[in-house]
Each structure stands twice: as C-alpha cells, then as structure tokens.
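Trainee: give me a model of this one.
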Amino acid sequence: LGEWKAIANPPGLPLPELLQVDVLTAYKRATYSSDCGYKAWHAWALINFRLAQQNHESTISTSAPGAARSRAARPSRLLRNHVVAAVQGFVRAITLGTKRWSASVQQDMLNFLTCLFKYGEFAEVANMINASI
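Mentor: Below is the predicted model:
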C-alpha cells in the first residue's frame, strides 16, 4: 500500500506532507506484521532515508548561504526522526537480508553508512547506531 501511494507522486518531486504521513503509516504497519521480513524493513528504511534527504535538501535550499553551515549543525527534529528510523530499518533489513545476499542488501549497507557518516554526530542518531550494532 505504501509503495502504491508513493508511486502516485510524480517522479522527481518531493512527497507532500499529507502523502508522507500516508506512506509512512502504511510502511510502518507492514513492519508490525508477524510475518514481517526483509522487504518491509527495507521499504521502511528507504522511505525514511529519502524523506531525511528531502528534508535536508529543503533546509539547505531555504537557508541563506552563510546559514547553511549553522543549520547543518542543528538538524530539525523531523530530520533526526527520519534518520533514526532509517538506521533502525536498515539494520533490521540487513540482518534479515543476509540470508540471501542481493543488490538491495548492499544498497541498505551503503545507505546505513551514509547515515553514519552524514548524521552520526547527532546524539539520537549515534545512540541508535550504537544500540543497533
């Protein structure tokens, strides 16, 4: 359901807030399922990672040139929440997906490392990374 709703958004355009809520809710429900597997956690992590990137890019594009550095030092709560959820999802997906090594698992590992290097200095993200590993 989440994938279907996300596809409804034109490619290359940011997800509107109302659609973000619908998509996140659908993907999160999939992770609560008793037979939840790799695909659910991969999708949950990936949508949060993409929304974190969208939020980060919009923050930088709306700030003044000199303010970009100070804004990067203090990410919004929304950005931190998406990154924390993405890290948790990537770790679960990698754990479940290592039984069948695939390009998606490699993508999850690279996205996890991107979160680590780009946002690992923030307390919430660092705590999730340390707790997950």
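Trainee: helices or strands up against the longest helix along the chain?
Mentor: Longest helix of the chain, by residue count under DSSP state H: helix 38-62. If you count contacts as 3 or more CB pairs under 8 Å, 6 or more residues apart in numbering; DSSP states H and E, helix 38-62 packs onto helix 2-7, helix 17-32, helix 67-73, helix 77-97, helix 103-119. The way it works is simple: take the backbone N, C-alpha and C, and place the C-beta from them, glycine included.
Trainee: distance of the residue nearest to His82 when sequence neighbours are not counted from Ser58?
Mentor: Setting aside the residues directly before and after it, His82 is nearest to Ala52 in space (CB to CB, 6 or more residues apart in numbering), at 3.8 Å. Using CB to CB, to the nearest Å, one obtains 11 Å as the distance from Ala52 to Ser58.
Trainee: show me which of the two is the more surrounded one.
Mentor: Ala52 (26 against 13; other CB atoms under 10 Å).
Trainee: quick check, that one in contact with Val83.
Mentor: Yes: using CB atoms under 8 Å, Ala52 is in contact with Val83, at 4.8 Å.
Trainee: Glu124: which element?
Mentor: In this assignment (DSSP states H and E), Glu124 forms part of helix 123-132.
Trainee: what about His56, neighbour count?
Mentor: Neighbour count for His56, taken as other CB under 10 Å: 19.
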